[in-house]
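can't give you the sequence, but here's the structure:
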Ligand code: FES
Ligand SMILES: [Fe+2]
């Protein structure tokens, strides 16, 4: 079977002695069976970065999105607890909310007006009393796992997933001087790219492309070719990519170490989330598959409160959203072009540069995740 062949091929990235420094087989981006496997084996049981806690600041705030075809709703309850739920009505499967964000006390199904609380419990079901087979107290929305790590909100569709935080211990230690919990999200975005999610993620694992796709933006702050990237694997879920800035950043408001001004540290959470340090700011980004050839790009910029004293936050938001839109647009334009050719008979597996060790690290993560024993059927 084609998928077995593909997975066998991917397994070669795990070969310590002779792992090939070549790109993925092009079919890996277009093969529907592989995508189905990714849905269950990867997005069905991995921590996916979906937002920042400030997007769920008040009780009743919610975020709704789709993770590889699964509708996901993240809510903030009155007691401060975050819940991740499947927003699919238990009556006849009407979606309870459209992707986006908002604020509400309860979710009322627009079909026959059943109502659900912020924790997914059924609050009321119209004209159901006479059906004695129906037990409203047993009726609730399926729950997923949700974890907030220093303000970053992660969801795992496997509600029994092992916690994420223990995997981020080194990242936590290294970023302690950022005071992550006190950083303020000044800008955020969601956009849709017409690409397979892996094209977006592998692109984010190298700076080699800055001179090609970002000549007037990212290339101005990175050495030509992206410089030498150091890859450190902290766990199967956490990898740090460290790449140099062209010049060390000027001293700013945070008590950073010299290396934190000389290098960008990109803490990647497999499969598709990353938290990257840019001296006095942090940018997070997450590539969430919508389908085999569409990916939602979610992200935000965090700044220390000292940089916000007396600042015009609306102007800051516009400025950061505009520069993110420019850089994202450059990536999107390039990657959508790759996506348009990836189904050609004349594509191939290319040799990678020594500037792309991060890409190989991502391929290893992919191979490992697909090789893990199959998910139990949780029904
Ligand atoms: S489908 Fe939701 S109330 Fe009927
Ligand atoms: Fe880029």
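Done, it's in. In this text, all values refer to a predicted model and were calculated from it rather than measured experimentally. Ligands and ions are numbered 1, 2, ... in the order given.

which stretches of the stretch 251-379 of the chain form helices?
258-262, 313-341, 357-371 (DSSP state H, counting those that start in this stretch).

give the buried residues for the first one.
The neighbour-count criterion (16 or more other Cβ atoms under 10 Å) identifies 260-261 as the buried residues of helix 258-262. In short, each C-beta sits where N, CA and C put it, glycine included.

contacting residues around that helix?
Outside helix 258-262, the residues that touch it by Cβ atoms under 8 Å, 6 or more residues apart in numbering are 177, 244-245, 248-251, 277, 279.

format those residues as JSON lines; extra columns: neighbour count, distance to residue 333 and pLDDT.
Output for the contacts of helix 258-262, formatted as JSON lines (neighbours: other Cβ atoms under 10 Å; distance: Cβ to Cβ, whole Å; pLDDT from 0 to 100):
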{"residue": "177", "neighbour count": "12", "distance to residue 333": "36", "pLDDT": "97"}
{"residue": "244", "neighbour count": "19", "distance to residue 333": "26", "pLDDT": "98"}
{"residue": "245", "neighbour count": "16", "distance to residue 333": "24", "pLDDT": "98"}
{"residue": "248", "neighbour count": "14", "distance to residue 333": "30", "pLDDT": "97"}
{"residue": "249", "neighbour count": "17", "distance to residue 333": "27", "pLDDT": "96"}
{"residue": "250", "neighbour count": "8", "distance to residue 333": "31", "pLDDT": "94"}
{"residue": "251", "neighbour count": "12", "distance to residue 333": "35", "pLDDT": "92"}
{"residue": "277", "neighbour count": "23", "distance to residue 333": "26", "pLDDT": "98"}
{"residue": "279", "neighbour count": "19", "distance to residue 333": "27", "pLDDT": "96"}
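
which of the residues you listed lies closest to residue 131?
residue 277 (55.9 Å; Cβ to Cβ).

I'd say the closest one and residue 178 touch.
Yes: the pair residue 277 and residue 178 qualifies as a contact (Cβ atoms under 8 Å) at a distance of 7.1 Å.

circling back to that earlier point, between the helices of the stretch 251-379 of the chain, which one is closest to residue 155.
Across these, closest to residue 155 is helix 357-371 (Cβ to Cβ), at 16.7 Å.

the closest one packs against which elements?
Judged by 3 or more Cβ pairs under 8 Å, 6 or more residues apart in numbering; DSSP states H and E, the packing partners of helix 357-371 are helix 2-11, helix 197-204, strand 230-235, strand 238-244, strand 263-269.

try it again at 6 Å.
helix 2-11, helix 197-204, strand 230-235 (3 or more Cβ pairs under 6 Å, 6 or more residues apart in numbering; DSSP states H and E).

find the nearest non-adjacent residue to residue 92, please.
residue 111 (6.5 Å; Cβ to Cβ, 6 or more residues apart in numbering).
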